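Visitor: need the 3D shape of this:
(one chain, ligands or ions: 2)
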Amino acid sequence: MSMIAAFYGGKSILITGATGFLGKVLMEKLFRTSPDLKVIYILVRPKEGQTLQQRVIQILDSKLFEKVKEVCPNVHEKIRPISADLNQNDFAISKEDLQELLSHTNIVFHCAATVRFDDHLRHAVQLNVTATQQLLLMASQMPKLEAFIHISTAFSNCNLKHIDEVVYPCPVEPKKIIDSMEWLDDAIIDEITPKLIGDRPNTYTYTKALGEVVVQQEGGNLNIAIVRPSIMGATWQEPFPGWVDNLNGPSGLIIAAGKGFLRSIRATPMAVADLIPADTVVNLTLAVGWYTAVHRPKSTLVYHCTSGNLNPCNWGKMGLQVLATFEKIPFERAFRRPNADFTTNNITTHYWNAVSHRAPAIIYDFYLRLTGRKPRMTKLMNRLLRTLSMLEYFINRSWEWSTYNTEMLMSELSPEDQRVFNFDIRQLNWLEYIENYVLGVKKYLLKEDMAGIPEAKQHLKRLRNIHYLFNTALFLIAWRLLIARSQVARNVWFFIVSFCYKFLSYFRASSTLKV
Ligand SMILES: CCCCCCCCCCCCCCCCCCCCCCCCCCCC(=O)SCCNC(=O)CCNC(=O)[C@H](O)C(C)(C)COP(=O)(O)OP(=O)(O)OC[C@H]1O[C@@H](n2cnc3c(N)ncnc32)[C@H](O)[C@@H]1OP(=O)(O)O
Ligand SMILES: NC(=O)C1=CN([C@@H]2O[C@H](COP(=O)(O)OP(=O)(O)OC[C@H]3O[C@@H](n4cnc5c(N)ncnc54)[C@H](OP(=O)(O)O)[C@@H]3O)[C@@H](O)[C@H]2O)C=CC1
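Guide: Ligands and ions are numbered 1, 2, ... in the order given. The predicted structure follows:
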């Protein structure tokens, strides 16, 4: 019997960010392994014209929850959506809902965040820092609370090369930052943002670091732990391999490469690709929840959920495997044949961006205009290049994360818990994982049918022929122009032609002799 699964039985659990990628995988695992849990409260905001209930139904109707419905048929009765906007004061939760949350919650998993790299500092502070502070305040009024688990990121201190499982201080206190956001106008915030974030690459990593300091400073007597995942990718094993539902991290780039938009990427092939499957993050998070509640460590423990130190894979190997998978499982209606490469310096990056990204987009838009359609490729390509520039920081460096606490936790688990809540990344086979990831992107993100693979292969063959034709035509035109203008080119041309002629005559003569 799993001790962790038994621990969550009968519990009332509050999850923020339950509609996000991690939140959904977390809820799924909780229901599947502890179907006797009492209730999961989720803080949800109405979005895109959907009510809270509609959002919950959409989640439960997804393939991710198929197994849960078998194990826990009354799952819809056990999810209690609570209308809340983490951007608002007191989250705009009604008094009745708040009362219910305060009096019943046993465990809090705080996953909500803005994960956009380029978010305005005011918004990123509101969600990643102020909302964390408010949630802690709420948690301090929960008499039955046993543990508060805060999800951060392994990159919150990406300005360091070696990162320990500790909360690092920030030069400016989070409280001061929160206060200043209330009275500074946007223009001034824009001006001071680069100074505040310092040597971090974006407002996301900066505000996640501030969020950790808030957790440590304002956690009071709560039982708190911080989990720091690295780059979260598709599921590895549970509930099935390859599940992914947003474009964050590598997923968007896998689509861009598979559809033939992405042809070159500025990345260091030998840099460690610190990916971590979403189900591994969930297993560790649930084990941390159990350990924090049961063992009540004296201080706030930080747990790194990373792969680089235990089972490293580099971007070069990952890129090659992604490309190899496209051969077997191509995406439908590709713009060009998938064939991307890594560049390592500014000059080659600019060159390939012009030749492989911008030029084909301009040509295609010209074709769309000629055929009376609206051009769209240049816009799409500019967005892709912008995204690439935002991700570059993370694919050209390697970090070392210590994992003492994570390894300690693993040794505390019973063999059954090590199996049911497996977060031992050493067991992951990267080639198999990446293949399943690409397949998952095709099935769950692009919603493409596997029956379309033969047609997708045919389409790629047509693209290859068009590519050869285009290159041959281009070569002939260039050569013709050169011959018309240069005596040297004409001489070379006559030399090649006469050489070929002599070669053919020799072969013809020797074959006639043999006969
Ligand atoms: C040795 C030789 C080897 C040869 C190898 C050959 C190479 C082969 C290459 C093959 C394939 C490549 C795969 C491997 C490389 C992968 C590299 C992956 C890098 C990942 C690094 C991540 C680091 C993360 C560190 C921190 C981790 C975390 O804690 S947080 C979570 C991560 N957060 C994010 O990922 C958010 C990133 N996104 C953003 O910040 C924003 O979306 C944006 C700034 C990128 C864009 O903002 P914008 O306002 O312009 O647009 P938005 O409305 O958001 O979206 C516009 C359209 O763009 C699409 N989109 C969004 N995100 C992505 C994305 N990540 N990738 C691609 N596309 C994206 C979005 O859907 C919109 O599309 P439309 O709706 O169609 O308009
Ligand atoms: N993805 C990754 O690679 C990594 C993520 N992390 C961390 O993991 C956690 C989860 O990330 P992930 O699941 O990928 O992120 P998602 O962007 O998929 O999910 C974010 C969640 O936060 C919610 N949220 C955002 N703004 C508000 C708001 N104003 N009010 C209420 N809810 C809000 C979203 O709700 P809605 O659906 O309404 O938008 C959504 O449920 C984050 O803390 C992130 O920092 C850490 C490392 C890597």
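Visitor: what pLDDT does K514 get?
Guide: K514 is assigned a pLDDT of 63 by the prediction.
Visitor: please parse this structure into its domains.
Guide: 3-243+278-312+400-414, 456-514 (automatic domain parsing).
Visitor: for D449, find the nearest of those domains.
Guide: Nearest of these to D449, taken as Cβ to Cβ: domain 456-514 at 10.1 Å. All C-beta atoms are positioned from the backbone trio N, CA, C, and that covers glycine.
Visitor: ok now that closest one, how far from the chain's centre?
Guide: 46 Å (Cα atoms, centre = their mean, to the nearest Å).
Visitor: identify the spatial nearest neighbour of Y206, chain neighbours not counted.
Guide: I197 (4.3 Å; Cβ to Cβ, 6 or more residues apart in numbering).
Visitor: ok, that neighbour - contacts?
Guide: Under the criterion of Cβ atoms under 8 Å, 6 or more residues apart in numbering, the neighbours of I197 are 121, 203, 205-206.
Visitor: let's go with 10 Å and repeat that
Guide: By Cβ atoms under 10 Å, 6 or more residues apart in numbering, the contact list for I197 reads 121, 124, 159, 203-207, 209.
Visitor: give me the pLDDT value at it.
Guide: Reported pLDDT for I197: 97.
Visitor: where helices are concerned, which of the contacts of I197 count?
Guide: 121, 124, 203-207, 209 (DSSP state H).
Visitor: for ligand 1, give me its nearest residue in this protein.
Guide: Using Cβ to the nearest ligand atom, the single residue of the chain nearest to ligand 1 is G252, 2.0 Å away.
Visitor: neighbours of that residue, how many?
Guide: 18 (other Cβ atoms under 10 Å).
Visitor: near ligand 1, which residues of the stretch 251-400 of the chain show up?
Guide: Within the stretch 251-400 of the chain, the positions near ligand 1 by Cβ under 6 Å from any ligand atom are 252-254, 256-257, 265, 269, 315-316, 318-320, 322-323, 340-342, 383, 386-387, 390-391, 394-395.
Visitor: quick one, which of those are buried?
Guide: 252-254, 256-257, 265, 269, 315, 318-319, 322-323, 340, 342, 387, 391, 394-395 (16 or more other Cβ atoms under 10 Å).
Visitor: among those residues, which lie within helices?
Guide: Checking those against DSSP H, those in helices are 252-254, 256-257, 315, 318-319, 322-323, 387, 391, 394-395.
Visitor: of these, closest to ligand 2?
Guide: F394 (10.1 Å).
Visitor: now do the same contact list for that closest one.
Guide: 117, 155, 158, 201-202, 205, 230-231, 249, 267, 271, 273-274, 315.
Visitor: picking that back up, and the ones in helices among the buried ones among the residues of the stretch 251-400 of the chain next to ligand 1 as CSV, adding pLDDT and distance to D90?
Guide: What follows is those, written out as CSV (pLDDT from 0 to 100; distance: Cβ to Cβ, whole Å):
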residue, pLDDT, distance to D90
G252, 95, 35
L253, 95, 39
I254, 97, 40
A256, 96, 41
A257, 97, 44
W315, 97, 44
M318, 97, 44
G319, 97, 46
V322, 98, 45
L323, 97, 50
T387, 94, 35
L391, 95, 35
F394, 97, 35
I395, 96, 40
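Visitor: give me the neighbour count for S264.
Guide: Around S264 there are 19 residues (other Cβ under 10 Å).
Visitor: got it, and F31?
Guide: 22.
Visitor: what's the spacing between it and S251?
Guide: 24 Å (Cβ to Cβ, to the nearest Å).
Visitor: quick check, I226 in contact with A147.
Guide: No. Using Cβ atoms under 10 Å, I226 is not in contact with A147, being 11.8 Å away.
Visitor: what sits against the residue nearest the centre of the chain?
Guide: Nearest to the geometric centre of the chain sits G249, at 2.5 Å (Cα atoms, centre = their mean). Going by Cβ under 10 Å, 6+ apart, G249 touches 21, 115, 230-234, 275-276, 391, 394.
Visitor: nice, that's everything, thank you.
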